[in-house]
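[1] any chance you can model this:
(one chain, ligands or ions: 1)
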Amino acid sequence: MIEPGCRILISACLVGCKCNYKASEASIYASDAAFWDRLFRIYQLLPVCPEQLGGMSTPRIPCELQASSGLVLQGCGCVLNREGLDTTDCFVKGAAEALRLATLHGVELAVLKSRSPSCGVNEIYDGTFSGGLVRGSGVAAQALLSSGIRVVDELEFCKMPEVRLATRL
Ligand code: SF4
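    The predicted structure is shown next:
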């Protein structure tokens, strides 16, 4: 149950920060900015962009995992950008920073942008830069999940009855 006042870590691009690889906000924010802005009046939101926290530039060349996020976090897999540059260190650092902030803030829930190599929850791009998807989670999402924090993507969050009720105008 997500009560009003709940502490929620949220992907910064979902609340309008122009922090994705194109230096844009998430398209779901652009489609209903009023909904996402309203969340700040209902919940204690902690907007976080793990890729920026990991030291990546904005805009940036898109990246995809070449192994599961669990293996990446164990140092046994890598993240490459579309030009073949190894960006693993940035992703691991960003995940650690996101987890550190989540812990300091005492978050009860993380609402993360689907399909992202950092924030993806149920599925991510398959590493071929061809638009294919595989089941799995992004590196920061996995770090949060492994620490016991409940993680959902933005679509699951929007469908939660208590969220729909709380955000009703
Ligand atoms: S790392 Fe997460 S918060 Fe940052 S742009 Fe990508 S999906 Fe959004």
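[2] ranges for the strands of the chain?
    For the chain, the strands defined by DSSP state E occupy 7-11, 44-48, 63-65, 79-81, 109-112, 123-125, 133-135, 150-153.
[3] so what touches the second one?
    Contacting residues not belonging to strand 44-48 are listed as 5-12, 14-15, 17, 39, 97-98, 101-102, 105, 107 [C-beta atoms under 8 Å, 6 or more residues apart in numbering]. Every residue, glycine included, has its C-beta placed from N, CA and C.
[4] returning to that earlier point: let's have the strands of the chain in a markdown table, adding mean neighbour count.
    Output for the strands of the chain, formatted as a markdown table (neighbours: other C-beta atoms under 10 Å):
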| stretch | mean neighbour count |
| --- | --- |
| strand 7-11 | 24 |
| strand 44-48 | 20 |
| strand 63-65 | 24 |
| strand 79-81 | 20 |
| strand 109-112 | 26 |
| strand 123-125 | 20 |
| strand 133-135 | 12 |
| strand 150-153 | 20 |
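[5] which of the ones you listed sits closest to the ligand?
    Closest approach to the ligand among the strands of the chain (C-beta to the nearest ligand atom): strand 7-11, 3.6 Å.
[6] touching the ligand at all, the closest one?
    Yes: contact of strand 7-11 with the ligand (C-beta under 6 Å from any ligand atom) involves residue 11.
[7] same question for stretch 136-148.
    No: using C-beta under 6 Å from any ligand atom, stretch 136-148 never reaches the ligand; the gap is at least 7.0 Å.
[8] buried sites along that stretch?
    136-145 (16 or more other C-beta atoms under 10 Å).
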